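Participant: Please work out how this folds:
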Amino acid sequence: MPPAQTEKPDSVSVAPEGGARRPRPPTFETLLESVGEFGLYQRALCLGLIGSSTLVCALTYYSQNDWVCNDAWRPFVVHAVFWVGNIVGSWIWGTISDKVGRRPATLASFVVYAAGGALTLAWPSSMAALAAVRFLVGTAHHTISHLPYMLVIEYCGARARVYPLLALIGSWGVGGALLPWIAYLVWDWRIPDAALQPAAPAHPGVLQVSGAEEGRYIPESSSWLMVRGRGEEAATLLRKMAAINGQTLDEEAFGEVLIDMTARDPDKETQSILLVRKHPRLMKNMVLVILLWMVSCLCFYGHTQNTGNLGGSVFSSFSLGATTELLAMTVPFIINARGRKWPMALFFVTSGLCGLLYALLGDAAAV
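Facilitator: Numbering: from 1, shown residues only. Model prediction:
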């Protein structure tokens, strides 16, 4: 259940040293409190996340081309090219979303993803052609779910941002658990691929990206609009959200926040990330975060994409592996209650021990 809405003062006072208490300037978070932190509007957005996170399809192109024995290296190269596309796409879509807006970037990423899937159906004639297609798909692979997710949590209050995350985790787990059984019923991978790929740009959460100024389903980022000097559009979106949630936008607070955000220059040249070397503690923390994230991704994708080698039925193994995603829905509540550091260390150690245990047991674990 979403957190109960509580009455809050319009502003919080702070006491400077030796001085009288003065009101704290309103922020975008203040506006979310006035329009409803997790009302009907935000719940509808979460439903859009569920749809965009279950558009997953399998590919058995490798086995159908007899890439085995001396050619067994080919699938690994194509897969690596896919993730290189993911790295490149992160920069491309990030730049587009900053310059053009979140909604256009979301639509374009879905179209690119669907186009890559459609080109795969054309049966690329060579390994190079397939690698190029998979690179294209890879550029939008994470963007089609992560960008809408970031857009949705912007409209959720700080205490309610766990709910979009749960929607993302749950839909990914359910979609992954169902996918192998769809493949079992429909042996030709091109049939589900042909059915699902056109559904990507036609998803109801994305259809409204190119139109509907009021921003139905997936709205434009209000904070991005305000920074770009499009305050009236941002106000229209926030008033619509407030009306759906049965609340009223704090117009005075909105005016103050708009003045503050409009004063920022969105095109101002930012500082280089290399300047972090001047701050040793910050640099150490940044390196640790990058390494931890890399290890997490390595373990996650290494395990989930290797479930077919667990033994027994490949369909059951893949489905059970995806079902474990649903267990991750408990993690946001754990870290909210116990912090981030120790749960993260515990999860890493547990994952490592499970991997070692399976390696020691070998084939006996598959029985």
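
Participant: Which helix or which strand is home to the closest residue to G173 other than its chain neighbours?
Facilitator: Computed as CB to CB, 6 or more residues apart in numbering, the closest residue to G173 that is not its neighbour in sequence is E325, at 3.1 Å. All C-beta atoms are positioned from the backbone trio N, CA, C, and that covers glycine. Following DSSP states H and E, one finds E325 within helix 314-327.

Participant: So what touches that helix?
Facilitator: By CB atoms under 8 Å, 6 or more residues apart in numbering, the surrounding residues in contact with helix 314-327 are 169-170, 172-181, 183-184, 303-304, 307-308, 310-311.

Participant: In helices, which of those residues appear?
Facilitator: Counted as lying in helices by DSSP state H, out of the contacts of helix 314-327, are 169-170, 172-181, 183-184, 303-304.

Participant: Buried subset of those residues, written for PyMOL?
Facilitator: The buried residues among these can be selected in PyMOL (16 or more other CB atoms under 10 Å) with this line:
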select buried, resi 169+170+172+173+174+175+176+177+179+180+183+303
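
Participant: And the ones in helices among the contacts of helix 314-327, which two are furthest apart?
Facilitator: Greatest spacing in the ones in helices among the contacts of helix 314-327, by CB to CB: I169 and Y184 (24.4 Å).

Participant: Check which residues of the helix holding E325 are buried.
Facilitator: 317-319, 321-322, 325.

Participant: Just put those residues in a markdown table and tack on pLDDT and distance to V152.
Facilitator: Converted to a markdown table, the buried residues of helix 314-327 look like this (pLDDT from 0 to 100; distance: CB to CB, whole Å):
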| residue | pLDDT | distance to V152 |
| --- | --- | --- |
| S317 | 80 | 32 |
| F318 | 80 | 28 |
| S319 | 83 | 28 |
| G321 | 78 | 27 |
| A322 | 80 | 23 |
| E325 | 79 | 19 |
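
Participant: any idea which of these is closest to F28?
Facilitator: The shortest approach to F28 among those belongs to E325, at 31.4 Å (CB to CB).

Participant: Sketch out the low-pLDDT regions of the stretch 201-350 of the chain for me.
Facilitator: 201-217, 264-272, 308-311 (pLDDT under 70).

Participant: on that earlier part again, from the ones in helices among the contacts of helix 314-327, pick the one nearest L45.
Facilitator: Checking the ones in helices among the contacts of helix 314-327 against L45 by CB to CB gives G170 as the nearest, at 15.0 Å.

Participant: So for the closest one, what's the nearest residue that isn't a sequence neighbour?
Facilitator: Of all residues not flanking G170 in the chain, M329 sits nearest, at 5.9 Å (CB to CB, 6+ apart).

Participant: Surely that neighbour and I169 touch.
Facilitator: Yes - with contact defined as CB atoms under 8 Å, M329 and I169 form a contacting pair (5.2 Å).

Participant: Please settle this for me: is A167 part of a helix?
Facilitator: Yes - per DSSP: H, G, I helix; E, B strand; the rest coil, A167 lies within a helix segment.
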